[in-house]
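J.: have a look at this prediction, sequence included:
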Amino acid sequence: MAKIQTIEANLYYDNFHALRDITMDIRDRAITAIIGPSGCGKSSLLRIFNRMNDLIPGAKVKGEVLLDGKNVYDNSAMDVVSLRQKVGMVFQKPNVFPMSIYDNIVIGPRHHGIKGKKNLDEIAEKSLRQVALWDEVKDSLKKPGLALPAGAQQRLCIARALAVAPEVILMDESCSALDPESTMKIEELMTELAKTYAIIIVTHNMEQALRVSDMAAFIMIDENKAGGLVEYAPTTEVFANPKDKRTEDYITGRFG
Amino acid sequence: MSEEAIETTNGLKAKKDVAGRVFFGLALASIGALALITIFILVQGMPLIAKVGVFDFIFGTKWAPLQGYFGIFPMIVGSVTVTLGAVILGIPISLCCSIFLAEFAPATFRNAFRPAIQLLAGIPSVVYGFWGLLFVVPLIRDYLGGPGLSILAGAIILAIMILPTVISISEVSILALPRQYKEGALALGMTHWQTIRSVQLPAAKSGIVAAIILGIGRAIGETMAVIMVLGNAVALPRSILDPVRTLTTNIGIEMGYATGDHQQALFATGIVLFLIIMVLNATAQYIVRRK
């Protein structure tokens, strides 16, 4: 069964129809890439999965978004706090908090009720090992997270998201602010994490989508500027044999 | 370039130079005023401090200028207790207000509330004092006892007077945080309040501390409002219901008739006040810049 399902999900910002009738199943333990031209609603779609659109006044979702079969917009089935614990997010720019590396990692678990220095230390080590940052920072856990280079900051953000034991990880163009070497490291990390988690990425970078993702969803705006799902299939198929003319034009670089 | 064009450019340049000099002169004048005041206070006050001795001046408990006793310790205690009281009463309210405005208030409410807070800063301090004398002082006298003119009355008035400073500066420092902090914390499954408490407030800490220090500076420097509600007795207070005199009110009350050593002693009081406020402001500046 799919980890996340959307059934005719629509997103409105007040009267603006931003996403129209998105129906897709997202697999567990795989990387799903959302691709499409700028302003088509890729990030909006990603933020539907952890309800980050709630922060925007006037944003409204209609249709169903199911996590393990439970509607995430139905507060009686799942509250937004536990949803966001299960569906973690990594942002475009590393948003390390202005506190120590250690505190950045344990702030999530602490607020979810995990107590005791030993438990928190274990979580910190495990999360930092998962992102291959442990050896680099194990002697400087008390140093400010913001002192790390950008690539390491982004890995710290991933570790922070992993520390609350999520099941799904959303990555919103998480490599676009990084240099090629850091990007490569994060991509390796994604592939590794996809063995355990469902990962959904938004990317502008076609090579990246092709390199890392298992499934690719191509989103584009229609004549009313509402983003819609044009094509959704295994990545290799989308790139080698696009069914829709618009997909083909986009991935061959004719627009976007 | 034609000759005419060159002339025009030169003309423009000359105009710019003149404007630059005028503004430089004006800027210099304001710094000059500060320097002159400082020098004047020092020249007027230092001889008396030298005569009495720094220790006896600051820690002496007897103030009887006509008999030659110049101890300002009761006034220092007065300033510190009244200001401390204002901080204890005013800061929690201010912080709650700024958090509410920055994070919870609906836009319409915020747009009404913010100018109202700013308006508080525009009320003349004598009006605060008058209101305190007619409303706060009798309330304290009737319900808590004592003369009513007291540390508590001064603290209440000052707590209200520092609200606008502390609220607006802390609100701005919360609003100035990058949106990504809040998003990041919420995305970890933290609640709105957890996000405020554990991520936003610590991140805005330097601005908030600066706001508090500026509030303290405002409280310690205030004169008119507290003259009217403190009772102004030169004695070490035993409780918050006792009257006190602060450094500022000491100058304000006696300046009119003081001459000779007495007048110098008031300038010396000014030096102490000046130093306290300089240190507070410098600390606030340092904290803000360190960020």
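T.: Cool, the structure landed.
J.: ok, for the residue of the stretch 151-256 of chain A found nearest chain B, nearest residue in space, not its chain neighbours?
T.: Ranking the residues of the stretch 151-256 of chain A by distance to chain B (C-beta to the nearest C-beta) places A:Val164 first, at 5.7 Å. Every residue, glycine included, has its C-beta placed from N, CA and C. Of all residues not flanking A:Val164 in the chain, A:Gly108 sits nearest, at 4.0 Å (C-beta to C-beta, 6 or more residues apart in numbering or on different chains).
J.: what helix or strand does the one you found sit in?
T.: helix A:101-111 (DSSP states H and E).
J.: please, where are all the helices along the stretch 51-200 of chain B?
T.: For the stretch 51-200 of chain B, the helices defined by DSSP state H, counting those that start in this stretch occupy B:54-59, B:73-99, B:107-122, B:125-131, B:137-143, B:151-175, B:179-187, B:192-195.
J.: name the SS class of the residue of the stretch 151-256 of chain A closest to chain B, please.
T.: coil (DSSP: H, G, I helix; E, B strand; the rest coil).
J.: and it, how many neighbours?
T.: A:Val164 has 25 neighbours, counted by other C-beta atoms under 10 Å in any protein chain shown.
J.: hang on, the residue nearest to A:Val164 packs against B:Gln194?
T.: No. Contact status for A:Gly108 versus B:Gln194: not in contact, 9.9 Å apart, counting by C-beta atoms under 8 Å.
J.: check which helix or strand covers the residue most central in space within chain B.
T.: By C-alpha atoms, centre = their mean, chain B has its centre lying nearest to B:Arg218, at 1.1 Å. Per DSSP H and E: B:Arg218 is located in helix B:205-221.
J.: and stretch B:188-198, how far from the chain's centre?
T.: 32 Å (C-alpha atoms, centre = their mean, to the nearest Å).
J.: what does that stretch rub up against?
T.: Residues outside stretch B:188-198 that contact it (C-beta atoms under 8 Å, 6 or more residues apart in numbering or on different chains): A:81-86, A:88, A:107-108, A:111-112, A:160-161, A:164, B:99, B:103, B:182, B:185-186, B:199.
J.: could you rerun that using 6 Å?
T.: A:Val81, A:Arg84, A:Gln85, A:Gly108, A:His111, A:Val164, B:Glu103, B:Lys182, B:Ala185, B:Leu186 (C-beta atoms under 6 Å, 6 or more residues apart in numbering or on different chains).
J.: buried sites along it?
T.: B:Leu188, B:Gly189, B:Met190, B:Gln194, B:Thr195, B:Ile196, B:Ser198 (16 or more other C-beta atoms under 10 Å in any protein chain shown).
J.: could you do stretch B:114-129 as well?
T.: Neighbour counts over stretch B:114-129 (16+ other C-beta under 10 Å) mark B:Ile117, B:Ser125, B:Tyr128, B:Gly129 as buried.
J.: farthest-separated two in the residues you listed?
T.: B:Ile117 and B:Gly129 (20.2 Å; C-beta to C-beta).
J.: what does chain A put close to chain B?
T.: With C-beta under 6 Å from any C-beta of the partner chain as the criterion, chain A comes near chain B at residues A:Val81, A:Arg84, A:Gln85, A:Met89, A:Asn95, A:Phe97, A:Pro98, A:Gly108, A:His111, A:Val164.
J.: can you lay out these as TSV showing pLDDT and distance to B:Ser173?
T.: Shown next, in TSV, are the residues of chain A next to chain B (pLDDT from 0 to 100; distance: C-beta to C-beta, whole Å):
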residue	pLDDT	distance to B:Ser173
A:Val81	93	27
A:Arg84	96	26
A:Gln85	95	29
A:Met89	96	26
A:Asn95	94	18
A:Phe97	96	16
A:Pro98	94	13
A:Gly108	95	25
A:His111	94	23
A:Val164	95	28
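J.: compare those residues and tell me which has the most neighbours.
T.: For the residues of chain A next to chain B, neighbours tallied by other C-beta under 10 Å; top is A:Gly108, 28 neighbours.
J.: where exactly do the helices run in the stretch 101-250 of chain A?
T.: Under DSSP H, counting those that start in this stretch, the stretch 101-250 of chain A gives helices at A:101-111, A:117-130, A:134-137, A:150-162, A:180-193, A:206-212, A:235-240, A:245-251.
J.: could you export those to TSV, including columns for distance to B:Gly53?
T.: Shown next, in TSV, are the helices of the stretch 101-250 of chain A (distance: least, C-beta to C-beta, whole Å):
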stretch	distance to B:Gly53
helix A:101-111	50
helix A:117-130	54
helix A:134-137	57
helix A:150-162	58
helix A:180-193	66
helix A:206-212	76
helix A:235-240	85
helix A:245-251	85
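J.: what about the ones you listed, which gets the closest to B:Val244?
T.: helix A:101-111 (43.6 Å).
J.: got the angle for that closest one vs helix B:179-187?
T.: For helix A:101-111 against helix B:179-187, the angle by axes from the mean of the first three to the mean of the last three C-alpha atoms, to 10 degrees is 40 degrees.
J.: just to check, the residue nearest to A:Val164 is in contact with A:Ala163?
T.: Yes. Counting by C-beta atoms under 6 Å, A:Ala163 is a contact partner of A:Gly108 at 5.2 Å.
J.: hmm, back to that, residues contacting the residue nearest to A:Val164?
T.: Contacts of A:Gly108 (C-beta under 6 Å, 6+ apart): A:Ala163, A:Val164, B:Leu188.
J.: so what pLDDT did the last one get?
T.: Going back to what we said before, that points to B:Leu188. pLDDT for B:Leu188: 96.
J.: quickly note the distance from it to A:Phe97.
T.: 10 Å (C-beta to C-beta, to the nearest Å).
J.: same check on the second one?
T.: Here A:Val164 is placed at a distance of 14 Å from A:Phe97 (C-beta to C-beta).
J.: do the first one as well
T.: Per C-beta to C-beta, A:Ala163 is found 13 Å from A:Phe97.
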